[in-house]
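**Q** Model the structure of this input:
(chains A and B)
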Number of protein chains: 2
Amino acid sequence: MYTLVIYDITDDKLRMKIAKVCEEHGLSRVQKSAFLGKITSVLRKSLIDKLRIELGNQKGNIQVYMIPDELVSLRVSIGSGPPVTDEVIIL
Amino acid sequence: MYTLVIYDITDDKLRMKIAKVCEEHGLSRVQKSAFLGKITSVLRKSLIDKLRIELGNQKGNIQVYMIPDELVSLRVSIGSGPPVTDEVIIL
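**A** A predicted model of the protein is given here:
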């Protein structure tokens, strides 16, 4: 199972903190404000806890999705950007 | 099956066009640069085609993910932001 984190945060410092939390939990950047990775449910829970702590009462929104492996391999990526895996389909 | 579109586009005009294509295909905005919706595979294919045409050779990256219904209902949303469905879990 993959975990996808997308966030909408205007504060530069906070945005960098959120990115760091994602990286520390084994996710890789797939867009400027999106991280993806195949991590355990234990790690995902820790990630969600940390994201919640970091955001606190500050302005912004973070969403965490679970995506099955077979659907991540069907992901469509259009245009340039940091690739995640070799399974990425460029249309 | 849900379709999630996330994009990383700096040009304001192009970003608005991409958002419009997502809306026209039945998706709802869940973040500034993310749209989500339960649409048919036919509509998803049309969406991908249109996104590809709109982006063309311009700078940017668009990613399209498929997420099963039961996993969308487990989505975690932290902080403020436009909600999608009543199933959204606010931690």
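**Q** touching chain B at all, the longest helix seen in chain A?
**A** In chain A, taking DSSP state H as the definition, the longest helix is helix A:41-55. Yes - applying Cβ under 8 Å from any Cβ of the partner chain, one finds helix A:41-55 touching chain B at A:48, A:51-52, A:55. Every C-beta, even on glycine, is put in place using the N, C-alpha and C of the backbone.
**Q** same deal with stretch A:2-19?
**A** Yes - using Cβ under 8 Å from any Cβ, stretch A:2-19 reaches chain B at A:4, A:6-8.
**Q** Put together JSON lines for these, with pLDDT on each row.
**A** Listed next are the residues of stretch A:2-19 next to chain B as JSON lines, based on pLDDT from 0 to 100:
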{"residue": "A:L4", "pLDDT": "98"}
{"residue": "A:I6", "pLDDT": "98"}
{"residue": "A:Y7", "pLDDT": "97"}
{"residue": "A:D8", "pLDDT": "96"}
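**Q** if we can go back for a sec, against which helices or strands is the longest helix of chain A packed?
**A** Other helices and strands packing on helix A:41-55, by 3 or more Cβ pairs under 8 Å, 6 or more residues apart in numbering or on different chains; DSSP states H and E, are strand A:2-8, helix A:12-24, strand A:61-67, strand B:76-79.
**Q** In chain A, where is pLDDT below threshold?
**A** Within chain A, the ranges that satisfy pLDDT under 70 run A:81-91.
**Q** secondary structure class for the residue nearest to the spatial centre of chain A?
**A** By Cα atoms, centre = their mean, the mean C-alpha position of chain A lies nearest to A:F35, the distance being 2.4 Å. Here A:F35 is recorded as strand under DSSP: H, G, I helix; E, B strand; the rest coil.
**Q** Which residues does the longest helix of chain A contact?
**A** A:1, A:3, A:5, A:9, A:14, A:17-18, A:21-22, A:24-27, A:39, A:62, A:64, A:66, B:76, B:78-79, B:91 (Cβ atoms under 8 Å, 6 or more residues apart in numbering or on different chains).
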